[in-house]
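generate a structure from the sequence data that follows.
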Amino acid sequence: MDMLWSGWGDPAKAAPLPDSVTGLLRDLLGVKPRDTAPHALEEISVPEPPPAAMLDALAAAVGGAEQVRTDAETRIRHTRGKSTPDLLKIRAGDAGNAPAAVVLPATHDEVLAVLRVCAEHGLAVVPFGGGTSVVGGLAPERNAFVALDLRRMNAMLGIDPVSRTATLQPGLRAPDAEALLAEYGFTLGHFPQSYEWATIGGFAAARSSGQASAGYGRFDEMVLGLTLATPEGTLDTGRAPRSAAGPDLRQLILGSEGAFGVITSVTVRIRPVPQTRVYEGWRFASFEEGATALRRLAQDGPRPTVLRLSDETETFVGLAQPDAIGSADGPTIAGCTAIAGFEGTEEETARRREEAAVVLRAAGGTYLGAEPGERWAHGRYSAPYLRDALLDAGAFAETLETATFWSRVPELYAAVRGALTETLSAAGTPPLVMCHISHVYENGASLYFTVVSAQGEDAVAHWAPAKEAANEAVLSAGGTISHHHGVGTDHRDWYLREAGPLGVEALRAVKERLDPDGVLNPGILLPLD
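As a prediction, the model looks like this:
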């Protein structure tokens, strides 16, 4: 099943906002109904496909013309990603930068063949997994490009229960990967908000981080080996779980977002499926108090598998439990809500819960029971559907994230909230800015912001200065420009500043060696010359 072309996910799971929420948006933010309904798909035009000779060469590379698609619907479904500006553009019928063709390889060798054809013809290549990018990662700065849809590369190539590793193809969606691993009693433990649609290759290419990262780690920590197809040949990495044999080339590929090559297989660490999973809620009087409690658990333990903290605004609105927003049994908790989740054997889980409770109570926490945690777990993939409903109601809703060291969290939190509030208020669309700590480490944490406001006359143009101001605030306050969404084009200019001139030149040298004709996702991660 394909994702909804004009929104997120499965259309059957979408639901309109309750009247109570639309009333709140109207009264609090001045949101007015707007005609944001998508154009009919068949009414959207796309650019002309490539010449027949080029299509023939691509078809020969992938074993037949049926694996090269040029129909309008397929190309529209591969246009851009799923950021709010992406959705607003496609809803308005703008498919001007749709791929010239969609190519579906089935093997590593077919990917190599496609890259050779594209290099020969000067046709750019954008690897396409689940299409869930929210930072412009699927919109290259070159009009003529093919989307390299990896859905046919969706197998588990091998599993080593003794070493607890599995080798997976890049087009394998996360739920399918979990189902395959579960047959052997294992789990990857990687559950980002995009879980239902994102792919293994996408997780690696964007350095994804799942909601259970406190227990399982980020995806880049799970990766033990990678195979990369480039126009210049194949790069294999990862002979052992750890090595002192020079710099780790895996880390060069992780986060490269298709700019250095196409990931064709990933070997990952796996864990036994836990006997039990328990999620529970805690209340703290303030975001500062809750952040201190999370830091103590992250640094001194016991660290839960899931550990999150919503600020006062997010708690009040109820975004920590998105499936309950606007309902009669929705959140009524003052202060800040934290979610702690524990997975493992029943004995281990019980012990860690008890020990964590001692720490959380000592830090000022009040136990709320299992209901808030279980509700969060039930609705944790619902927020993107909520965004679609907000767009339908005439509101603008977008997210951004960053990370920093614990000592800088208060400054970063205030700086980003201030930048968003000031910029959007000056534009006549005062926002509601919510935040939660989404991932914790011994030395720092990730902050995830959600912004809701009226759309203004031009919703895409309305967001651009606010996003720029937020990016500036992130760097000025000592944060990284992205913790897990990636760079794409939206963060590229700030990433260049974060990496520094010499770092950028080093990355350019790598790209020139692996992709001398510059066909791999041009303008993503690094600017065009």
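
CA atoms for contacts and neighbours, from now on please.
Fine.

so where's the stretch 351-500 of the chain uncertain?
The stretch 351-500 of the chain contains no residues with pLDDT under 70.

ranges for the helices of it?
With DSSP state H, counting those that start in this stretch applied, the stretch 351-500 of the chain shows helices at 370-379, 383-392, 409-426, 459-476, 492-499, listed in chain order.

what mean pLDDT would you report for the helix or strand that the last one is followed by?
Just to be clear, that refers to helix 492-499. Counting by DSSP states H and E, the next helix or strand C-terminal to helix 492-499 is helix 501-514. Predicted confidence along helix 501-514 averages 97 (mean pLDDT).

what comes up buried for helix 501-514?
Within helix 501-514, the residues that qualify as buried are 504, 507-508, 511, 514, counting by 16 or more other CA atoms under 10 Å.

and of the helices of the stretch 351-500 of the chain, who's closest to residue 43?
Closest to residue 43 of the helices of the stretch 351-500 of the chain is helix 383-392 (CA to CA; 19.5 Å).

what sits up against the closest one?
7-9, 13-17, 33-37, 319, 322, 396-398 (CA atoms under 8 Å, 6 or more residues apart in numbering).

now that helix - C-alpha only, PDB.
Once non-C-alpha atoms are left out, helix 383-392 reads as follows in PDB (Å, rounded to 0.1, in the frame of the first residue of the first chain):
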ATOM      1  CA  ALA A 383       0.700  13.000  15.400                       C
ATOM      2  CA  PRO A 384       1.300  13.200  11.600                       C
ATOM      3  CA  TYR A 385      -2.400  12.400  11.000                       C
ATOM      4  CA  LEU A 386      -3.200  15.200  13.400                       C
ATOM      5  CA  ARG A 387      -1.100  17.600  11.300                       C
ATOM      6  CA  ASP A 388      -3.100  16.800   8.200                       C
ATOM      7  CA  ALA A 389      -6.300  17.500  10.100                       C
ATOM      8  CA  LEU A 390      -4.900  20.800  11.300                       C
ATOM      9  CA  LEU A 391      -4.100  21.800   7.700                       C
ATOM     10  CA  ASP A 392      -7.600  20.800   6.700                       C
END
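
how far does it sit from the chain's center?
On the basis of CA atoms, centre = their mean, to the nearest Å, helix 383-392 is displaced by 16 Å from the centre of the chain it belongs to.

if any of the contacts of helix 383-392 are buried, put those into a PyMOL selection.
Typed into PyMOL, the line below selects the buried ones among those, using 16+ other CA under 10 Å:
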select buried, resi 7+8+9+14+17+319+322+396+397+398
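
narrow the contacts of helix 383-392 to those in strands?
Among the contacts of helix 383-392, DSSP state E puts 396-398 in strands.

so can I have JSON lines of those residues showing distance to residue 527?
Converted to JSON lines, the ones in strands among the contacts of helix 383-392 look like this (distance: CA to CA, whole Å):
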{"residue": "396", "distance to residue 527": "29"}
{"residue": "397", "distance to residue 527": "28"}
{"residue": "398", "distance to residue 527": "25"}
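
dump the helices of the stretch 351-500 of the chain to a markdown table, plus mean neighbour count and distance to residue 105.
A markdown table is the format used below for those (neighbours: other CA atoms under 10 Å; distance: least, CA to CA, whole Å):
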| stretch | mean neighbour count | distance to residue 105 |
| --- | --- | --- |
| helix 370-379 | 18 | 35 |
| helix 383-392 | 21 | 29 |
| helix 409-426 | 20 | 42 |
| helix 459-476 | 19 | 34 |
| helix 492-499 | 17 | 29 |
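
tell me which of these sits nearest to residue 355.
Taking CA to CA as the criterion, residue 355 comes closest to helix 370-379 out of the helices of the stretch 351-500 of the chain, the separation being 16.4 Å.

tabulate the CA atom coordinates of that closest one in PDB.
This file holds the C-alpha atoms of helix 370-379, laid out as PDB (Å, rounded to 0.1, in the frame of the first residue of the first chain):
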ATOM      1  CA  ALA A 370      -0.100   3.300  33.700                       C
ATOM      2  CA  GLU A 371      -2.900   5.100  31.800                       C
ATOM      3  CA  PRO A 372      -1.000   8.100  30.400                       C
ATOM      4  CA  GLY A 373       1.900   5.900  29.300                       C
ATOM      5  CA  GLU A 374      -0.300   3.300  27.700                       C
ATOM      6  CA  ARG A 375      -2.300   5.900  25.900                       C
ATOM      7  CA  TRP A 376       0.900   7.500  24.600                       C
ATOM      8  CA  ALA A 377       2.100   4.100  23.400                       C
ATOM      9  CA  HIS A 378      -1.200   3.500  21.700                       C
ATOM     10  CA  GLY A 379      -1.200   6.900  19.900                       C
END
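
name the helices or strands packed onto it?
Packed against helix 370-379, as judged by 3 or more CA pairs under 8 Å, 6 or more residues apart in numbering; DSSP states H and E, are the following elements: strand 276-284, strand 336-344.

ok, which of those strands comes nearest residue 497?
Nearest of the helices and strands packed on helix 370-379 to residue 497, taken as CA to CA: strand 336-344 at 33.9 Å.

next, the angle helix 370-379 makes with the closest one.
Counting by axes from the mean of the first three to the mean of the last three CA atoms, to 10 degrees, strand 336-344 points 80 degrees away from the direction of helix 370-379.

give me the sheet partners of strand 336-344 and which way each runs.
Listed by DSSP bridges, the sheet partners of strand 336-344 and their directions read strand 276-284 (antiparallel), strand 306-310 (antiparallel).

and of those, who's closest to residue 136?
Put simply, out of the strands paired with strand 336-344 the one that sits nearest residue 136 is strand 306-310, at 26.7 Å, with distance taken as CA to CA.

for that closest one, list every residue counted as buried.
For strand 306-310, burial by neighbour count (16+ other CA under 10 Å) applies to 306-310.

pull the CA atoms of the following helix or strand past that strand into CSV?
Heading C-terminal from strand 306-310, the first helix or strand you meet, by DSSP H and E, is helix 312-317. Only the C-alpha atoms of helix 312-317 are listed here, as CSV (Å, rounded to 0.1, in the frame of the first residue of the first chain):
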residue,chain,number,x,y,z
GLU,A,312,3.7,22.9,30.1
THR,A,313,2.2,23.9,26.8
GLU,A,314,2.4,20.5,25.2
THR,A,315,1.0,18.9,28.4
PHE,A,316,-1.9,21.4,28.5
VAL,A,317,-2.8,20.9,24.8
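
pLDDT of helix 312-317, averaged?
Per-residue pLDDT over helix 312-317 has a mean of 93.

find the nearest non-adjacent residue to residue 250, please.
When the adjacent residues along the chain are set aside, residue 250 lies closest to residue 237, with 6.0 Å between them (CA to CA, 6 or more residues apart in numbering).

OK, contacts around that neighbour?
By CA under 8 Å, 6+ apart, the neighbours of residue 237 are 225-227, 249-250.

give me that answer again for 6 Å
Neighbouring residues of residue 237 by CA atoms under 6 Å, 6 or more residues apart in numbering: 225-226, 250.

cheers, nothing more for now.
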